[in-house]
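Chemist: no FASTA, just this:
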């Protein structure tokens, strides 16, 4: 009312907390654990979608790109058998289980040297994020050169040197599958192929770098039960004295390399040479 206070409502708010029934102690109330909640959720999904293969990825939603696996933090309430709190880590980002129907695919066109513009059809994943996931999906492990030497495919150009069972270069296969989720704007096809290559070059480089940092982050979280910020993990990689031992690297291979442990060992050995430590220190910004 003008000039006075508002009258009190007699109607109870729907957000008001219900009183605890008489004779029941709050501490005696049984609260479902996070694991029980997840179990009930899986059961409900299986009842709704009995033919759907439900996979646990550690994250209820499919996040954008795997580089986002950084940002670990402690989960209040979770504890190990020894009483120490576990350290939360984001789940692994995976490709969608099904491709997008042609009529529903977002239309994109290349923009800049390695970017994309969404012309129509919003709500899609990042095109370069999808490209990164496809690179991990089709990672070939060690590749054999013409002279018989087996090497790590450090560069995107190496993905052109190995072929699948149908004699299609892996790089070409990745670029073709990319269009299962997008449609190229008419007239931009040639330019789009160039942008795919340039974006893939950066994605391969980032993939190795992120996997290197993630070894230390995961080791500290799973074994030492400590949160190691990625920024601190990167600093530890500058010197062999602060880096982790070889056997620890072998315990925590990147998801995309778990079936190629000989390749993972070759990657790890390359990371741990004196030249590699020196090269990483050379990238430290000057004060």
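Modeler: Received the coordinates, thanks. Values in this document were obtained by computation on a predicted structure and should not be read as measured data.
Chemist: who's in contact with stretch 108-120?
Modeler: With Cβ atoms under 8 Å, 6 or more residues apart in numbering as the test, stretch 108-120 has contacts from 106-107, 124, 127-128, 182-185, 188, 191-192, 194-195, 198-199, 201-202. Bear in mind the C-beta positions are built from the backbone N, C-alpha and C, glycine included.
Chemist: Cross those residues against helices and list the overlap.
Modeler: 127-128, 191-192, 194-195, 198-199, 201-202 (DSSP state H).
Chemist: residue ranges for the strands of this protein, please.
Modeler: Assigned by DSSP state E, the strands in the chain fall at 73-79, 85-88, 107-111, 115-120, 143-144, 150-151, 183-184.
Chemist: are any of the ones in helices among the contacts of stretch 108-120 buried, and which?
Modeler: By neighbour count, with 16 or more other Cβ atoms under 10 Å, the ones in helices among the contacts of stretch 108-120 hold 127-128, 192, 195, 199 as buried.
Chemist: Tell me which two of the ones in helices among the contacts of stretch 108-120 sit farthest apart.
Modeler: For the ones in helices among the contacts of stretch 108-120, the farthest-apart pair by Cβ to Cβ is 191 and 202; their separation is 17.1 Å.
Chemist: Please identify which of the strands of the chain is closest to residue 244.
Modeler: Relative to residue 244, the nearest member of these by Cβ to Cβ is strand 85-88, separated by 16.1 Å.
Chemist: Partner strands of the closest one and their direction?
Modeler: strand 73-79 (antiparallel) (DSSP bridges).
Chemist: Mean confidence (pLDDT) on the strand it pairs with, please.
Modeler: Taken as a whole, strand 73-79 has a mean pLDDT of 40.
Chemist: Ok, stretch 245-258 next?
Modeler: Across stretch 245-258, pLDDT averages out at 96.
Chemist: Between the two ends of it, how far is it?
Modeler: Counting by Cα to Cα, to the nearest Å, you get 18 Å between the two ends of stretch 245-258.
Chemist: which outside residues touch that stretch?
Modeler: With Cβ under 8 Å, 6+ apart as the criterion, stretch 245-258 contacts 92, 136-137, 139, 141, 207, 211, 214-215, 218-219, 222, 261, 263-265, 267-268, 271-272.
Chemist: circling back to that earlier point, could I get the buried ones among the ones in helices among the contacts of stretch 108-120 as TSV with distance to residue 85?
Modeler: Putting these into TSV (distance: Cβ to Cβ, whole Å) gives the following:
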residue	distance to residue 85
127	38
128	36
192	48
195	45
199	39
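Chemist: From these, pick the one nearest residue 276.
Modeler: Once Cβ to Cβ is applied, the member of those that ends up nearest residue 276 is residue 199, at 25.4 Å.
Chemist: Would you enumerate the residues in contact with that closest one?
Modeler: Residue 199 is in contact with 114-115, 127-128, 131, counting by Cβ under 8 Å, 6+ apart.
Chemist: which among those residues gets closest to residue 154?
Modeler: For the contacts of residue 199, the nearest to residue 154 is residue 131 (17.5 Å; Cβ to Cβ).
Chemist: Which one, of the strands of the chain, ends up nearest to residue 167?
Modeler: Comparing the strands of the chain by Cβ to Cβ, strand 143-144 comes nearest, at 14.9 Å.
Chemist: Which one, of the strands of the chain, ends up nearest to residue 166?
Modeler: Of the strands of the chain, nearest to residue 166 by Cβ to Cβ is strand 143-144, at 17.1 Å.
Chemist: Can you tell me the strand partners of that closest one and which way each runs?
Modeler: strand 150-151 (antiparallel).
Chemist: for the strand it pairs with, what is the average pLDDT?
Modeler: For strand 150-151, mean pLDDT is 96.
Chemist: so how many other residues sit close to the nearest residue to residue 218 once chain neighbours are set aside?
Modeler: Leaving aside its sequence neighbours, residue 218 sits nearest to residue 252 (Cβ to Cβ, 6 or more residues apart in numbering; 5.0 Å). Residue 252 has 17 neighbours, counted by other Cβ atoms under 10 Å.
Chemist: Residue 162 too?
Modeler: Look at residue 162: counted by other Cβ under 10 Å, it has 17 neighbours.
Chemist: try residue 209
Modeler: Other residues near residue 209 number 14, with proximity taken as other Cβ under 10 Å.
Chemist: Can you pull the poorly scored residue ranges out of the stretch 101-250 of the chain?
Modeler: Residues of the stretch 101-250 of the chain that meet the criterion pLDDT under 70 lie in 123-124.
Chemist: Fine by me, thanks again.
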